[in-house]
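Enquirer: whatever this is, show me its structure:
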Amino acid sequence: MIIEEIMKTEVACLTPTDTIATAIELMNSKRIRHVPIINEDNKLVGIISDRDVRDASPSIFHTNEFADDLQQPLQSLMTTDVITGSPLDFVEEVAALFYEHRISCLPIVKDGMVVGIVTETDMLHTLVQLTGAHQPSSHIEVKVKNKAGMLCEVATVFRDLNTNISSVLVYPDKDERYKILVFRVQTINPLKIIAGLKQEGYTVLWPSVPESYHE
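Expert: Numbering: from 1, shown residues only. Okay, the predicted model is just below:
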């Protein structure tokens with residue numbers, strides 16, 4: 001899945017000369033936490049967050065005394081070194097950007113212009129959908145040898161038991177000779193599947209069912 005499929009395309013933007021007060025009003029009316037800053041050519045030049053605005057705003061107890069602070073231009077507090085993404089970036093690559101740079105929002109640009117925006121909430125929602133965790137299902141972890149074709153071999157067990165696989169994740173085991181296959185399958189009771197996997201000689205890490213179990 002690419003970012004173009006999940007990004008919000010209606011992006012509220014401001015300019016460097018807009019004021020802090022304008023940003024506060026926009027964030028409150030749109031219920032957003034980030035605003036890209038664009039120049040007269042509609043090119044991205046910065047970004048501000050609700051935290052930036054909050055830190056630059058006077059205390060509610062001194063609003064009248066420091067009212068002029070709210071008229072300061074956004075160029076005085078915007079972040080100019082903006083991490084951006086492309087509409088054709090893959091979701092998992094963008095998720096890595098969020099993690100590595102500890103950001104909560106990613107403007108999506110094309111030819112320097114803002115064409116969308118993705119937030120950490122958007123990413124979490126998408127990853128939940130990709131793993132199938134939002135649907136009634138069961139989680140099964142199988143330890144297999146780290147060699148080509150193992151996923152196909154294990155999947156035949158699910159096929160033979162007429163069980164649909166919602167998603168598959170693969171991650172390394174501590175022992176490099178093995179890897180872990182994580183299946184999300186469309187069944188609430190996975191006991192028959194576990195029995196079938198064990199009968200074929202596979203090691204089921206989760207759920208942990210006693211060997212003495214019988215259908």
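
Enquirer: mind giving me the domain split of this structure?
Expert: Domain assignment for the chain by automatic domain parsing gives 3-128, 135-206.

Enquirer: confidence-wise, which of those is weakest overall?
Expert: Mean pLDDT is lowest for domain 3-128 among the domains of the chain, at a mean of 91.

Enquirer: and it, how far out from the chain middle?
Expert: Here domain 3-128 is found 17 Å from its chain centre; the criterion is Cα atoms, centre = their mean, to the nearest Å.

Enquirer: quick one, helices of the protein?
Expert: Residue ranges of the helices in the chain, as given by DSSP state H, are 20-30, 50-56, 91-101, 120-131, 150-160, 191-199.

Enquirer: hmm, back to that, just send the domains of the chain back as JSON lines, with mean neighbour count too.
Expert: (Each C-beta comes from the backbone N, C-alpha and C, glycine too.) As requested, the domains of the chain are arranged in JSON lines below (neighbours: other Cβ atoms under 10 Å):
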{"stretch": "domain 3-128", "mean neighbour count": "15"}
{"stretch": "domain 135-206", "mean neighbour count": "15"}
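
Enquirer: show me the strands in the protein, by range?
Expert: With strands called from DSSP state E, the chain shows them at 34-38, 44-49, 105-110, 113-119, 138-145, 165-172, 178-185, 203-206.

Enquirer: circling back to that earlier point, and the helices of the chain: which comes nearest Asp68?
Expert: Asp68 sits nearest to helix 20-30 of all the helices of the chain, at 10.3 Å, using Cβ to Cβ.

Enquirer: so which elements touch the closest one?
Expert: Secondary-structure packing of helix 20-30 (3 or more Cβ pairs under 8 Å, 6 or more residues apart in numbering; DSSP states H and E): strand 34-38, helix 50-56.

Enquirer: residue contacts, the closest residue in space to Asp55 that isn't next to it in sequence?
Expert: Closest residue to Asp55 in three dimensions, ignoring its sequence neighbours and counting by Cβ to Cβ, 6 or more residues apart in numbering: Leu77, at 7.8 Å. Residues near Leu77 by Cβ atoms under 8 Å, 6 or more residues apart in numbering: 20, 48, 52-53, 55-56.

Enquirer: quick one: closest of the helices of the chain to Ile38.
Expert: Per Cβ to Cβ, nearest to Ile38 of the helices of the chain: helix 20-30, 13.3 Å.

Enquirer: the closest one to strand 44-49, inter-axis angle?
Expert: 70 degrees (axes from the mean of the first three to the mean of the last three Cα atoms, to 10 degrees).

Enquirer: Val185 bridge partners, please.
Expert: Ser138, Ile165 (DSSP bridges).

Enquirer: for Glu25, see how far away it is.
Expert: Distance of Val185 to Glu25, given as Cβ to Cβ, to the nearest Å: 49 Å.

Enquirer: dump the helices of the chain to JSON lines, plus distance to Leu205.
Expert: Listed next are the helices of the chain as JSON lines, based on distance: least, Cβ to Cβ, whole Å:
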{"stretch": "helix 20-30", "distance to Leu205": "46"}
{"stretch": "helix 50-56", "distance to Leu205": "41"}
{"stretch": "helix 91-101", "distance to Leu205": "23"}
{"stretch": "helix 120-131", "distance to Leu205": "17"}
{"stretch": "helix 150-160", "distance to Leu205": "13"}
{"stretch": "helix 191-199", "distance to Leu205": "11"}
